[in-house]
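1. This is a predicted model, with the sequence first.
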Amino acid sequence: MLCIALAAALTHELGLLVCFYNDMEQVDAAVARALLHQMIKCNQLRGFQAEVQKLKSQLLNIATRNQTLNDVLGSLSDAVVGLTSSQLESLSPEAVHNAIATLNQVTGWAKSQVIILSSKYLSYEKVLSFYNVSQMSALVTGISTQSFYSMNPKELSQIIRGTTSQYLPDLSSAQQQGILRKITASGDFSSSIKDIQGACFKEISLSDLWKQTGYNSSMMKEKELRRSQALYLYELLSKKNYPVELLSAGQLVKGVTCQLIESMGTDIFLNNFKFFENNLHLLSPYQVNCLAWKFWKVSNASIPPFLLSVLPVEYLEYVSGPLCIPFIESLRRTDMDLLNPSLHKKNAVLQKVQECLVGTARRGQQWKGSCKKSNL
C-alpha cells in the first residue's frame with residue numbers, strides 16, 4: 001500500500017520524463033490514471049508521438065482493468081481519445097455528462113467519436129440550451145443540424161456571441177445554415193448579424209442579407225465574404241461611406257468592380273491603392289487587371305513594377321536600367337500565382353528578370369572598373 005502511494009506521488013515529480021515511463025510492473029490502475037494525467041504535457045514532444053501514444057495505450061488498458069469505463073472516464077485525461085467507437089457507445093449518458101469537463105478539453109477526436117459523445121451528453125440533458133452547448137466546447141461539432149434548428153433562437157444568438165463562437169468555423173455548412181436560418185426566421189437576425197464572424201458569415205444567403213438593415217463598414221472587418229455578398233454590401237455601403245472606410249474593411253475589397261476602379265479620382269485611387277496591394281489574395285484576376293490598367297492610365301511613371309507583369313507582354317519593355325532592381329524586388333514580395341499569368345506571360349517575366357540580372361551584373365563590373373581606374 002505504501003509502495004502504491006509512493007509511486008502515485010512520484011508521478012507528480014517526473015516532468016517530461018513521464019513521457020518515457022517504462023516500469024509497467026509497478027503500475028496499478030490508480031498509478032496509471034495519475035500517469036495519464038501527467039502525460040498531457042507530452043503533446044509538446046512532436047518527434048516522439050508514436051512512442052507516447054503507445055505508452056498511453058498501455059496505461060489506458062491498466063487504468064480500466066477490473067473497472068467500468070463509466071466509473072473512470074473522467075480520470076483518464078486526454079488518453080480517452082484512444083477509446084474505440086464501441087467503447088464510447090458502451091458509456092452511459094450520465095458518465096459522459098459527469099466527465100464533460102475532461103472530454104471538452106481533449107483534442108484529436110475523430111468525427112465519429114465526437115458524434116457519439118455529443119449524442120450521449122445531450123441525451124442526458126434532454127433539452128438543448130445555450131448552457132449545455134457552452135459546456136461542450138469542441139464537441140459542439142457533433143450536434144446535428146436538426147438539433148441546432150430545434151433550439152430557441154435567442155439561445156442560438158447567444159452561441160454566436162459567446163465563447164462557443166470560436167468553434168463555429170468547425171461546423172459543417174449544413175450546421176451553420178441550420179443555426180442562421182433559425183435566427184433569421186425568428187426576426188432576431190438584425191441584432192445578431194454584427195456578431196457573426198469569420199467563415200460563418202459566408203453561409204448567409206443573399207436574400208437574407210437583402211432583408212436586413214443597419215450595416216456599417218466596421219462590422220465587416222472580421223467577416224469572410226463570398227464575392228456576391230461583397231458586391232452587394234460594397235455597393236450598399238458606398239452610398240454613405242468613403243472609399244477608404246470600405247477598402248480598409250477586410251474582405252469588402254472583393255466587391256470593388258472594374259467600373260468603380262475606373263471611376264475613382266486619381267488622388268483617391270493612388271492614396272488607397274495600398275489596400276488593394278495588401279489584399280491581392282482576395283482579388284480576382286479581373287480586378288487585378290483593372291488595377292493595372294488604371295494605374296498605368298493615371299501614373300505610369302510610378303506604377304508598382306509587379307503590375308507591369310499583368311499588362312500585355314510589350315509593357316515589360318518599360319522595365320530597364322534603374323527600374324530593374326525595383327521590378328525584381330516587387331516580384332519577390334508578390335506571389336505570382338495571385339496575378340494569374342498565362343504560361344507565355346510567366347516566361348516573358350522570367351526572361352525580363354534574367355535580362356535585368358545580367359544587366360545589373362554588367363553595370364556592377366563597369367562600376368568596379370571605373371573605381372579601379374580612379375584609384376590609379
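-> Thanks, I have the structure now.

2. which residues of the stretch 201-350 of the chain fall in helices?
-> Assigned by DSSP state H, counting those that start in this stretch, the stretch 201-350 of the chain shows helices spanning 206-211, 227-237, 243-247, 258-263, 266-277, 285-299, 305-308, 324-332, 336-339, 343-375.

3. what do you get for the stretch 51-200 of the chain?
-> Here the stretch 51-200 of the chain has its helices, by DSSP H, counting those that start in this stretch, at 69-72, 85-89, 93-98, 100-103, 111-125, 130-134, 145-149, 153-161, 173-186, 189-192.

4. between the ones you listed, which gets the lowest average pLDDT?
-> Across those, helix 189-192 has the smallest mean pLDDT, namely a mean of 68.

5. possible to save the helices of the stretch 201-350 of the chain as a markdown table with mean neighbour count?
-> C-beta: built from backbone N, CA, C; applies to glycine. As requested, the helices of the stretch 201-350 of the chain are arranged in a markdown table below (neighbours: other CB atoms under 10 Å):
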| stretch | mean neighbour count |
| --- | --- |
| helix 206-211 | 12 |
| helix 227-237 | 18 |
| helix 243-247 | 18 |
| helix 258-263 | 13 |
| helix 266-277 | 16 |
| helix 285-299 | 17 |
| helix 305-308 | 23 |
| helix 324-332 | 16 |
| helix 336-339 | 15 |
| helix 343-375 | 12 |
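
6. how about TSV for the helices of the stretch 51-200 of the chain, with distance to residue 29 and mean neighbour count added?
-> Converted to TSV, those look like this (distance: least, CB to CB, whole Å; neighbours: other CB atoms under 10 Å):
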stretch	distance to residue 29	mean neighbour count
helix 69-72	8	16
helix 85-89	16	14
helix 93-98	17	17
helix 100-103	17	19
helix 111-125	23	18
helix 130-134	31	18
helix 145-149	36	16
helix 153-161	39	19
helix 173-186	39	19
helix 189-192	48	18
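
7. hang on, the earlier thing: okay, the helices of the stretch 201-350 of the chain in JSON lines with mean pLDDT next?
-> Formatted as JSON lines, those follow (pLDDT from 0 to 100):
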{"stretch": "helix 206-211", "mean pLDDT": "84"}
{"stretch": "helix 227-237", "mean pLDDT": "94"}
{"stretch": "helix 243-247", "mean pLDDT": "93"}
{"stretch": "helix 258-263", "mean pLDDT": "94"}
{"stretch": "helix 266-277", "mean pLDDT": "93"}
{"stretch": "helix 285-299", "mean pLDDT": "92"}
{"stretch": "helix 305-308", "mean pLDDT": "81"}
{"stretch": "helix 324-332", "mean pLDDT": "79"}
{"stretch": "helix 336-339", "mean pLDDT": "70"}
{"stretch": "helix 343-375", "mean pLDDT": "66"}
